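>>> Here is a sequence with its predicted model. Questions after.
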Amino acid sequence: MSAGEVAVGGRISVRAAERRLVLLTATRWLPVGLVFGLTVLLPLERGLSLVQVGGLLALQGVVVLALELPTGGLADALGRRPLLIASGVLAVGSATLFVLSTEFWMFAVAMIAQGVFRALDSGPLEAWYVDAAHAADPAAPIERGLSRAATMLGVAIAIGALAGGGLVAWNPVAGVSALVLPFAVAIALYALHTVLVAVLIREPRRAAGGGGRGGRTALAAARDAPRVVLAGLGMLQRSPVLRAIVLVEVFWSVAMIAFETLTPVRLAGLLGGEDAAGALFGPASAAAWGLFAAGSLLAGVASRRVGVAWTAIGARILNGLFVVVMGLTAGVVGLVAAYGLAYLTHGAAGPMHSTLLHRQATSANRAVVLSMNSMVAGGAYSLGLLLFTPLAEGFGTGVAFVVAGAFSVVGALLYLPALRQEKEGRATAPVS
């Protein structure tokens, strides 16, 4: 850490916190880009049905759903850094197990481990950034850092997806599936991310649980976590604005089932095989995630002109409409074009939604608020998979896209309480 990054009292500056958030966002999501879409294609190639793959993804979602609040409470009580390190270790282990799996039960174990990793990873980095920025400057515009991180997320996944598609097309190892090499590279990148988290994330003593160190601190935090969780649930009950923002995820998650999970399946049907779909999906998803990054930047600009809530509403409506277009369009070119526009608006919606969430939280419950949001998203995604994968298999992916997109548009209405609060000038007053 350079001297210029350190503020009074040993705290890092707002700019330093932003730089670390952006860097760690890049290393976190680059391996995701490498295997984006391949998580569906690899089990299909090894003999699983689409319904079985949907069940696996739903299983992961159920695990995340069960652990979101406990891990969020633990992050607020114990600290963000320990959970981020543990999630990195599990990311390496679950990805390794996934790529070695050949039977349904093996994939299931890998997805359970991945669910634990995602629950641990959900929120602590973002919560650390907001707390670090506010510690240096209570008036710091956090939407700026969140938009830059979302932009980097899109760039990282775009680069990873392009590289993953290239690795699939290259296929240098004879006798081994072309889909395996991107997973091997992703595992190495997860390990690098874990090391960087250990080096760059530093928390004030309060965020690490107050008291002593080691086992006694962890034990005290574990005892305190249920209280933090209950306080977060009480906050959700008392705040109609927070409750509405969190419920947006029910509608958003259904749209994501279409443009994340079903797009490579539809491509495989149009192109005649998983390997061909994997090779094309790499550059297509790279372009889409590049548009995601552009959408995040545009949202940051738009929010300064029309406000965060209006930007979130517009992005949510447009995203759902583009998902509908993906279902109505015919042919590979039309599908890929609509897919890119869906990601443009997906990228615009993300940092605005996060900013609205953080406006309702405090340092003491920030990770729990993010976990409640992720819990609803994961639960809706899991239940949606159980409905939409059979729908896609029975009636075609086009029907599933149209239904998912139309349903998603309705979620924009749930931003109206946040819009009213923003207009009344109370947007930065969190619920105690």
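Looks like it arrived, so ask away.

>>> Might you list the low-confidence residue ranges for this structure?
Counting by pLDDT under 70, the chain contains low-confidence ranges at 1-10, 204-229, 231-232, 274, 278-279, 426-432.

>>> Not counting its neighbours along the chain, what's nearest Pro172?
Of all residues not flanking Pro172 in the chain, Leu181 sits nearest, at 7.3 Å (Cβ to Cβ, 6 or more residues apart in numbering). All C-beta spots, glycine's among them, are computed from the backbone N, C-alpha and C.

>>> now the helix or strand hosting the one you found, how far from the centre of its chain.
Per DSSP states H and E, Leu181 falls inside helix 180-200. Put simply, helix 180-200 sits 17 Å off its chain's centre (Cα atoms, centre = their mean, to the nearest Å).

>>> Give me the buried positions along that helix.
For helix 180-200, the neighbour count (16 or more other Cβ atoms under 10 Å) marks 180-187, 189-190, 193-194, 196-197, 200 as buried.

>>> Quick test: name the residue nearest the centre of this protein.
Residue closest to the mean C-alpha point of the chain, counted by Cα atoms, centre = their mean, is Ser122 at 7.6 Å.

>>> For that one, give me its contacts.
64, 68, 71-72, 370-371, 374 (Cβ atoms under 8 Å, 6 or more residues apart in numbering).

>>> What is the burial count for Glu68?
27 (other Cβ atoms under 10 Å).

>>> secondary structure element for it?
helix 50-78.

>>> right, and the helix or strand after that helix?
Criterion used, DSSP H and E; the element after helix 50-78 is helix 80-100.

>>> Which single one of the buried residues of helix 180-200 is nearest to Leu267?
Within the buried residues of helix 180-200, the smallest distance to Leu267 is 16.4 Å, found for Pro182 (Cβ to Cβ).

>>> picking that back up, excluding its own residues, what touches the helix holding Leu181? List them.
With Cβ under 8 Å, 6+ apart as the test, helix 180-200 has contacts from 20, 23-24, 27-28, 30-32, 34-35, 38, 42, 81, 84-85, 88-89, 91-92, 95-96, 98-99, 125, 160, 163-164, 167-168, 170-173.

>>> cool, stretch 162-171 as well?
33-36, 38, 178-179, 181-182, 185, 275, 278-283, 285-286.

>>> and if you look at stretch 37-44?
Counting by Cβ under 8 Å, 6+ apart, 50, 52-53, 56-57, 98-99, 101, 107, 161, 164, 168, 177, 179-180, 182-183, 261, 263-265, 268, 274, 277-278, 281-282, 285 sit against stretch 37-44.

>>> Just the C-alphas of it, formatted as CSV.
The C-alpha trace of stretch 37-44 is given here as CSV (Å, rounded to 0.1, in the frame of the first residue of the first chain):
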residue,chain,number,x,y,z
GLY,A,37,-22.2,-21.1,-20.7
LEU,A,38,-19.9,-24.1,-20.4
THR,A,39,-21.4,-24.9,-17.0
VAL,A,40,-24.6,-25.9,-18.9
LEU,A,41,-22.9,-27.4,-21.9
LEU,A,42,-20.4,-29.7,-20.1
PRO,A,43,-23.0,-31.8,-18.2
LEU,A,44,-25.1,-32.0,-21.4
